[in-house]
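Trainee: Build me a model:
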Amino acid sequence: MTERKVYVYKQPTGGNPIEAAVFYNPRDPDADKPKPIAVYYHGGNFVVGHKDLIQPAYVDKLLELGFGAVVSPDYRLSPTISAFEGPVTDARDAYAWSQAELPAKLAQDVGVKLDADRIATWGHSAGGTLAMLVASAPKPPRAILNLFGMLYFQDESYHSPLKMPPVKIPDAEFRDQVYKDVPPPTSAPPPFGPKGPDMSTARGAWLFSHMADGTFLKNVQPDGDYNKIDPASLFVSSFPPTFFGHGSADMAVNVKLTEKAHQALQELGVDSKLEIVEGAGHGFDMGKKPGDKAYDTVIEGLQFLRDHV
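Mentor: Numbers count the residues shown, from 1 in each chain. Here you go, the predicted structure:
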C-alpha cells in the first residue's frame, strides 16, 4: 500500500513554508536497491492547484514500474508573485531538493533508497510546462512527460479571448481581492464545481476573467519576458527525452503548439514522442479509467519515463 510523507522543501524569506508530498511503498521487497525518482507538478494556470491533485492511480503505477518515490510539490501561486518568481523558481527548487536532500531523508525516515542521478519530471497543463523548465538544471531530468502543457507563449492564442462557458463573472472589485493574498499562497482549490467554473472565490473569478479576455498571461508575467517561462526557449540537442500527450479538441492550449514542440525536438535529434487523443479537450484524462484512450496515453507516458531512467 502506498504511503506518503510531507516535507518542507523551501522556506522563502517572509513567506510561507512550501511543502512537497512524497509517495513511496513501505513494503517494497527491493527497498534496499536505490531507485529512480519521479517529480510531479500540478496544473492550474500558475494560479490555482496544490500538491494533492496528483492522481493516486498514477502514483501507484509509477511505484509499480520501479520508481522509489513520487514527489508532488506545492509552489507559490500567481498573481501576487510572477509566474517566473513563484511557480517556475519553486519548481526548480523542488527538483533540486529532490536530488540533493530527499534521498538521505527518505532513507533515514522510512528505509527507502533513492538514486538521485535517475530522476524524471512530469505534469499536467501548467505543471507540464514546469516539468519541462527544469531541463535547465545542472543535472536535468532523464525524461519528461508533458500532458497538454503550455509552450510558445508568444503565440497569439495565449493573448486572445478564450471561449468560456456561459457563466456570469463577478465584478472587478470582487475579483481583485486576489491581490490581498500576500504572501502568495502555496495552494488553492481548482475553480471548478459540479456545474462548471466556480466563481465563488476571488481567485477563481480572477482567473476566468483574464482567460476570457485574453489577458491572463500578461497578468501572471507582467514584465512581458515570456522566454523565462517558456520551455521552448530551452530546446537544444541535449534536451531530455520528452513524451507529449494532448487532446485534439483542447480549447485552452492549442494542440498545434505541442505538435510544433514535438517536431522541433525531433529535428534537434531529441527522443520525442507525441500522442494525440482525438476529440479530447483540456484535462483529457480526468476521471478516466484503464481501457480509455486518454488514461492509457498517460500510462504510456509514465512507461516512457521508466524506460529512460
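Trainee: can we go C-alpha only for contacts and neighbour counts from here?
Mentor: OK.
Trainee: Could you pull out the helices in the stretch 101-250 of the chain for me?
Mentor: Remark: helices assigned in the stretch 101-250 of the chain by DSSP state H, counting those that start in this stretch are 102-110, 126-133, 172-175, 202-212, 216-220.
Trainee: Would you format those as CSV with distance to P56 included?
Mentor: As requested, those are arranged in CSV below (distance: least, CA to CA, whole Å):
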stretch, distance to P56
helix 102-110, 20
helix 126-133, 17
helix 172-175, 33
helix 202-212, 25
helix 216-220, 30
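Trainee: okay if I get these as CSV plus mean pLDDT and mean neighbour count?
Mentor: As requested, the helices of the stretch 101-250 of the chain are exported to CSV (pLDDT from 0 to 100; neighbours: other CA atoms under 10 Å):
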stretch, mean pLDDT, mean neighbour count
helix 102-110, 97, 16
helix 126-133, 98, 28
helix 172-175, 95, 14
helix 202-212, 93, 22
helix 216-220, 96, 19
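Trainee: Which segments of this structure make up each domain?
Mentor: Listed by automatic domain parsing, the domain ranges of the chain are 3-155+226-308, 158-219.
Trainee: ranking those by burial, who's on top?
Mentor: domain 3-155+226-308 (a mean of 20; mean count of other CA atoms under 10 Å).
Trainee: check contacts around Y226.
Mentor: Contact analysis of Y226 by CA atoms under 8 Å, 6 or more residues apart in numbering lists F153, Q154.
Trainee: redo that, cut-off 7 Å
Mentor: Applying CA atoms under 7 Å, 6 or more residues apart in numbering, we find Y226 in contact with F153.
Trainee: so which helix or strand takes in M286?
Mentor: Secondary structure assignment for M286, by DSSP states H and E: no helix or strand.
Trainee: For P34, which of the helices of the stretch 101-250 of the chain is the nearest?
Mentor: Closest to P34 of the helices of the stretch 101-250 of the chain, according to CA to CA: helix 102-110, at 9.1 Å.
Trainee: in the chain, which spans are strands?
Mentor: Remark: strands assigned in the chain by DSSP state E are 3-10, 18-24, 35-41, 69-73, 114-124, 143-147, 192-193, 196-197, 242-247, 272-277.
Trainee: centroid residue for this structure?
Mentor: Closest residue to the average C-alpha location of the chain: G127 at 1.4 Å, with CA atoms, centre = their mean.
Trainee: Show me the contact partners of stretch 75-94.
Mentor: So stretch 75-94 is contacted by 9, 18, 46-48, 73, 130, 134, 179, 181-182, 184-186, 219-221, 228-229 (CA under 7 Å, 6+ apart).
Trainee: Let me see the contact set for P34.
Mentor: Contact analysis of P34 by CA under 7 Å, 6+ apart lists K113, L114, D115.
Trainee: nearest spatial neighbour of the first one, skipping sequence neighbours?
Mentor: Taking CA to CA, 6 or more residues apart in numbering, and ignoring the residues beside it in sequence, K113 has P34 as its nearest neighbour in space, at 4.6 Å.
Trainee: The one you found and V178: what is the separation?
Mentor: 44 Å (CA to CA, to the nearest Å).
Trainee: Over to G14?
Mentor: G14 sits 19 Å away from V178, going by CA to CA.
Trainee: need the contact list for the closest residue to N45 other than its chain neighbours.
Mentor: Nearest in space to N45, with sequence neighbours left out and distances taken as CA to CA, 6+ apart, is A126 at 5.3 Å. Neighbouring residues of A126 by CA under 7 Å, 6+ apart: G43, G44, N45, F46, G149, M150.
Trainee: any idea how far A126 is from E101?
Mentor: Taking CA to CA, one finds A126 at 25 Å from E101.
Trainee: quick one: which of the contacts of P34 is nearest F67?
Mentor: For those, the nearest to F67 is L114 (8.6 Å; CA to CA).
Trainee: So that closest one is in contact with D32, correct?
Mentor: No: the criterion here is CA atoms under 7 Å, and L114 misses it with D32 at 9.0 Å.
Trainee: Stretch 105-121: end-to-end distance?
Mentor: 20 Å.
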